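*Asks:* Show me how the following folds:
(one chain, ligands or ions: 2)
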Amino acid sequence: MDVLLLVDLQNDFLPGGTLPVTNGDQVIDIANQLQQHFDTTLATQDWHPPQHASFAVNHPGHQVGDVLDLHGISQILWPVHCVQQTVGAEFAPQLDTTGIQHIFAKGTDPDIDSYSGFFDNGGQRSTGLEQCLRHHGATRLFVMGLATDYCVQFTVLDSLRLGFDTILVTDGCRGVERSAGDCHAALTKMQSCGTLLMPSDRVIQERHTAR
Ligand code: VGL
Ligand code: ZN
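*Replies:* Ligands and ions are numbered 1, 2, ... in the order given. Okay, the predicted model is just below:
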């Protein structure tokens, strides 16, 4: 059984947001199209309290881009983004959300970040996404969204570890690219761990043969 997962298609990750991903807006149409071809679409939503430990402003003397050790976990400091109940945390207005069956909030614990849609960065607290996929009898997870080198990558790697056949929709992702080559490295890593890389037009063909 196939499930489509939309990762963090939120205003703050789009051009004009506080943590903009270059051309992030270009994937919204792809998300809208793909949903038409899936019976089950799920989404993740970065959903931070204002005092979140990943925000540079919450660490006086530090700046965006600094890397800290937070309780033994390496943490990049980000601009304030996706604060709960703010416009920046809302899904892109152009995104068709009518078909999204469940939304999994992540990064809600002020003390730890959560790039993966499944677990926090310590691998401890679950968002409920795994349980939902098991409940739906999911075997293949198709993943797209923002950002390739952070939340998409961590979500895909956890999905593989949990035993789901995992397909990355290549044209449905864009990355932060803090350093040149980060997105390419993320794609290579995901592929070497067993992810199938597939453009959206092939995903649609695949869904027609699967049905
Ligand atoms: C993300 C950095 C911080 C993402 C979320 O969605 O990729 N990146 N929070
Ligand atoms: Zn975040």
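
*Asks:* how about residue 150, secondary structure?
*Replies:* At residue 150 the chain is in helix, as set by DSSP: H, G, I helix; E, B strand; the rest coil.

*Asks:* Could you report the neighbour count for it?
*Replies:* 25 (other Cβ atoms under 10 Å). For the C-beta atoms, the positions are set from N, CA and C on the backbone; glycine is no exception.

*Asks:* So the closest residue to it other than its chain neighbours versus residue 125, what's the distance?
*Replies:* Excluding its sequence neighbours, the residue lying closest to residue 150 (Cβ to Cβ, 6 or more residues apart in numbering) is residue 115, at 5.0 Å. Residue 115 sits 13 Å away from residue 125, going by Cβ to Cβ, to the nearest Å.

*Asks:* Now for these two: what residues contact both?
*Replies:* Residues touching both residue 115 and residue 125 by Cβ atoms under 8 Å, 6 or more residues apart in numbering: none at all.

*Asks:* These two - which one has more neighbours?
*Replies:* Of the pair residue 115 and residue 125, residue 115 is the one with more neighbours under other Cβ under 10 Å, namely 26 against 15.

*Asks:* And the pLDDT for that one?
*Replies:* We have a pLDDT of 98 for residue 115.

*Asks:* can you pull the contacts of it?
*Replies:* For residue 115, counting by Cβ under 8 Å, 6+ apart, the contacting residues are 121, 150-151, 153-155.

*Asks:* and which of those residues is nearest to residue 178?
*Replies:* residue 150 (9.1 Å; Cβ to Cβ).

*Asks:* doesn't residue 178 make contact with the closest one?
*Replies:* No: the criterion here is Cβ atoms under 8 Å, and residue 150 misses it with residue 178 at 9.1 Å.

*Asks:* And the helix or strand where residue 31 lies, what's buried?
*Replies:* Element membership for residue 31 (DSSP states H and E) is helix 28-35. Residues 28, 30-32, 34-35 are the ones in helix 28-35 that count as buried (16 or more other Cβ atoms under 10 Å).

*Asks:* ok, now stretch 104-116?
*Replies:* Buried-residue list, stretch 104-116, by 16+ other Cβ under 10 Å: 104-109, 112-116.

*Asks:* which of those are close to ligand 2?
*Replies:* Filtering the buried residues of stretch 104-116 for proximity to ligand 2 (criterion: Cβ under 5 Å from the ion) leaves residue 107.

*Asks:* just checking, which of the buried residues of stretch 104-116 belong to strands?
*Replies:* Of these, the ones assigned to strands by DSSP state E are 104-106.

*Asks:* Taking the buried residues of stretch 104-116, tell me the two that lie furthest apart.
*Replies:* 104 and 112 (15.9 Å).

*Asks:* Residues of the chain that sit close to ligand 2?
*Replies:* Residues of the chain lying close to ligand 2 by Cβ under 5 Å from the ion are 46, 107.

*Asks:* re the thing from before, what does whatever helix or strand comes next after the helix holding residue 31 rub up against?
*Replies:* Sequence order places strand 41-46 as the next helix or strand after helix 28-35, per DSSP H and E. For strand 41-46, the external contacting residues (Cβ under 8 Å, 6+ apart) are 3-10, 12-13, 34-35, 81-82, 89, 91, 97, 99-107, 117, 127, 129, 132-133, 145, 151, 155.
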